[in-house]
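[1] pasting the sequence and the predicted model now:
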Amino acid sequence: MTKREIEIKLEGGLEATPIALLVQKASQFDAKIYIEADGGRKVNAKSIMGMMSLGVDAGDKVIISADGEDEETAVSEIEKYLLGD
């Protein structure tokens, strides 16, 4: 399992469109990918409803975790997206 804590840099945080793009990106990987917000709320990054329920904004810290064959690449790509790269 690979885990990484990051601060969301996307302007406006995770609203509907950025969430949809994140879910599309996460769905490209075979690994199970989770995003955990403050308070221990952990959701499947491939679930639009789950991601929307987190309600995270720019500046919030989250933990990206992945487990599976392509976990390293998955975490790196999700991290790049959330950092606005």
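    All right, it came through fine.

[2] residue 35 falls within a strand, correct?
    Yes. Membership of residue 35 in a strand is supported by DSSP: H, G, I helix; E, B strand; the rest coil.

[3] for the residue located most distally from the centre of the chain, give me its contacts.
    Going by Cα atoms, centre = their mean, the residue of the chain most distant from its centre is residue 69, 17.7 Å out. Counting by Cβ atoms under 8 Å, 6 or more residues apart in numbering, residue 69 touches 30-31. Just so you know, the C-beta spots here come from the backbone N, C-alpha and C atoms, and that holds for glycine as well.

[4] quick one: it from residue 15, how far?
    Note on residue 69: its distance to residue 15, by Cβ to Cβ, to the nearest Å, is 31 Å.

[5] circling back: tell me the phi and psi of the residue farthest from the centre of the chain?
    Main-chain dihedrals, residue 69, degrees, to the nearest 10: phi -60, psi -40.

[6] can you offset everything so residue one is 33?
    Taking 33 as the first residue, the last one we looked at is residue 101.
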